[in-house]
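Q: Let me see the structure of the following:
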Amino acid sequence: MERYLKKLEHSYAKKFGKKDGTFPASVKAAWDGRSVILTGNLPTVEERYEIGSFFAKYCKKTARGIKPSSYKGLVNDILVNGKSEAPMKIPAVQDKKLEGFSADIVIIGAGVIGCAIARELSRYDVSIAVLEKESDCAMHASSRNDGMIHPGFADNPKTIKGRLNTRGNRLYHKLDKELGFETKWPGSFMLFNSPLLCLLLPLMHYRAKKNGVDGNVGYRSKKTVQNRDPHIRAKHYGGFWMPSAGIASPFKVTIAFAENAVQNGVRFFFETAVTGFDMRENKINAVFTNRGTVKAKIVINAAGLWSDKIAHFADDRFFSIHPRKGMDMILDKKKGMFQHTIIGMPNLFASAKKNSKGGGLVPCIEENILVGPTAREVYDREDYSTDAEDVAQLSAQIAMNAELSKADVIAYYCGTRAANWEEDFIVEGSEKVANLVYAAAIQSPGFASAPAIAEDIAAITLKRLAEQTGKSVLQKTSFKAERDAETECAKLSAAEKNALIAQDSAYGKIVCRCERISEGEIRDAVRRCKMLGLETVGTDAVKRRCRAGTGRCHRGFCTPRVMEIISGETGIPMERITKKGGSSFILSGAITGGEK
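A: Residues are numbered from 1 along each chain as shown. I've put the predicted structure just below:
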């Protein structure tokens, strides 16, 4: 194996133009029996990515020097410019709330994957706890994506992503009805920027068939595209149509999974970070947190961007995460009528090289239009800064539609994808730790695949739990699959609104003008936060549940009243209310006096 790594070093030097044919002296490649470990120092993030992706590609594809079943993944510990990665942020709260607490199953992470798994496992007669370091669900990738339910075309059929995407897509047709969240199925066009791309159609049909993509997929002429979306002005030569592409609100879906899990007995603990494990005989005996030590029979690692660090706590780090940042823009609702389908016009060869689908225009479930995302390698896993280069790239995508302009942009934001170097999901039980299960390295199309990932992880978990206890796990007869959906006044008819207001006048008092959100809806959102177990209810938590503050004015009018409602429902003083938990206080202190 060492000889093979030396050959890779030489190949890397030749491919990337090292004149003397030498490998960077500051980097070392080693083999630990199942993973390739890269260490050393490089001056830029781009060089770190270049060398990491090169080694992952050739170790994964080539059996020379590696038994096919031996290679598990690449661990890239190369520093950038002598600096280590930023550490995981631990909540400021330090108490013993969870000391001595135990559960059959502990799930680490309350993103869409962790919450979907919690809901799926809540069908069974087991105790479940979800530990989340943030103050709410869906505060990282699960609320920082485009909400697209991908049809299942983009990924290689041999990958786990390729296998799970289509099944996840299909499951949304049932879950939206059970859990009361909205989905739409506008379909998507992959526009061709050259007539030569028609030569790829046999391969595209083969990929769609192998992945089981639903509907009458295939090439559609430029005229057909324009008939469906008459405002497209980008120069194109028709495109590949996939009618099963859908959209949903990623944070509402995540919260729906979580709330239904709670209805079925799952407990959520927020501001609770996992800081280590008590390991005994290749098993996790206990989980250390900033709020005490928790006992668990099975631990599920759904920690997203930090999943490799959690694996390291169990001495089972066979992969590493390299964050890939993407920026999105949100356009005003008034332009929603001008975009009917999801469209993108990626450079297929460049997109494959960057492991990105290329971005495009996505009609949102809330009637806005989303533009993006971009794709850029970064070093900080929670780097959500925006920059001018991405703005320029997204502006070019806005120009694909004749009715859209940069003046329509009301917000932009970034998220980071939890990519591993193999660019595939990890959905499996640990080979080394008997009671550890992985739902890790979940990047796009993770949102679309979440229901299928949850089914597979539940099956693995129940099997391992039975092995640990010697008892099979039974389904609950009391499982409730349905969740009562939120009241959305803006979507009611006049008669329905009048009847609702007659029952409760709070639904007739509009607080958020942009989104037409009533006092009653904001009050309900706060109560749902409390039901889920949030200890700190911030204005962002309310926004995730009822959209108060998501309009063009950026909460300029509604924030004081939203804060008053939060304070009245929770008892939190106004000056202690935060935007997003932690120390993000909105007010600097109480008003103690002033002129009359």
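
Q: what's the following helix or strand after the helix or strand of the chain with the lowest mean pLDDT?
A: One helix or strand of the chain scores below all others by mean pLDDT, DSSP states H and E: helix 348-354, with a mean of 58. Counting by DSSP states H and E, the element after helix 348-354 in chain order, helix or strand, is strand 360-363.

Q: what helices or strands is that next one leaning on?
A: Contacts defined by 3 or more CB pairs under 8 Å, 6 or more residues apart in numbering; DSSP states H and E place strand 360-363 against strand 342-344, strand 369-372, helix 388-398. Where C-beta positions appear, they are placed from N, C-alpha and C, glycine not excepted.

Q: winner for burial among these?
A: Most buried of the helices and strands packed on strand 360-363, by mean neighbour count (mean count of other CB atoms under 10 Å): strand 369-372, with a mean of 26.

Q: Quick check: A256 touching L179?
A: Yes - proximity of A256 to L179 meets the contact threshold set by CB atoms under 8 Å, at 4.1 Å.

Q: ok, back up a step: can you list the helices and strands packed on strand 360-363 in TSV and add mean pLDDT and distance to E422?
A: Shown next, in TSV, are the helices and strands packed on strand 360-363 (pLDDT from 0 to 100; distance: least, CB to CB, whole Å):
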stretch	mean pLDDT	distance to E422
strand 342-344	97	24
strand 369-372	98	25
helix 388-398	94	26
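
Q: Which one of these lies nearest to I517?
A: Minimum separation from I517 across the helices and strands packed on strand 360-363 (CB to CB) falls at strand 369-372, 20.1 Å.

Q: Can you list the neighbours in contact with that closest one?
A: 146-147, 326-331, 335-336, 338-339, 359-364, 394, 397-398, 401, 404, 408-409 (CB atoms under 8 Å, 6 or more residues apart in numbering).

Q: switch the cut-off to 6 Å
A: Outside of strand 369-372, the residues within contact range by CB atoms under 6 Å, 6 or more residues apart in numbering are 146, 327-331, 335-336, 339, 359, 362-364, 394, 397-398.

Q: Also stretch 417-425?
A: Around stretch 417-425, the neighbours that count as contacts under CB under 6 Å, 6+ apart are 52, 56, 60, 73-74, 159-161, 304-305, 319, 321-322, 324, 355, 441-443.

Q: which stretch among the helices and strands packed on strand 360-363 comes nearest S102?
A: strand 369-372 (42.5 Å).

Q: So what are the sheet partners of the following helix or strand past the closest one and their directions?
A: Downstream of strand 369-372, the first helix or strand assigned by DSSP H and E is strand 376-377. If you go by DSSP bridges, strand 376-377 pairs up with strand 321-331 (antiparallel).

Q: The partner strand versus helix 388-398: what angle between them?
A: 50 degrees (axes from the mean of the first three to the mean of the last three CA atoms, to 10 degrees).

Q: circling back to that earlier point, of all the helices and strands packed on strand 360-363, which one comes closest to G568?
A: Using CB to CB, the helices and strands packed on strand 360-363 put strand 369-372 closest to G568, at 33.9 Å.

Q: Note down every partner strand of that closest one and its orientation.
A: In its sheet, and by DSSP bridges, strand 369-372 pairs with strand 321-331 (antiparallel), strand 360-363 (antiparallel).

Q: mind putting the ones you listed in a markdown table, distance to T386, mean neighbour count and mean pLDDT included?
A: Converted to a markdown table, the strands paired with strand 369-372 look like this (distance: least, CB to CB, whole Å; neighbours: other CB atoms under 10 Å; pLDDT from 0 to 100):
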| stretch | distance to T386 | mean neighbour count | mean pLDDT |
| --- | --- | --- | --- |
| strand 321-331 | 6 | 24 | 97 |
| strand 360-363 | 18 | 24 | 97 |
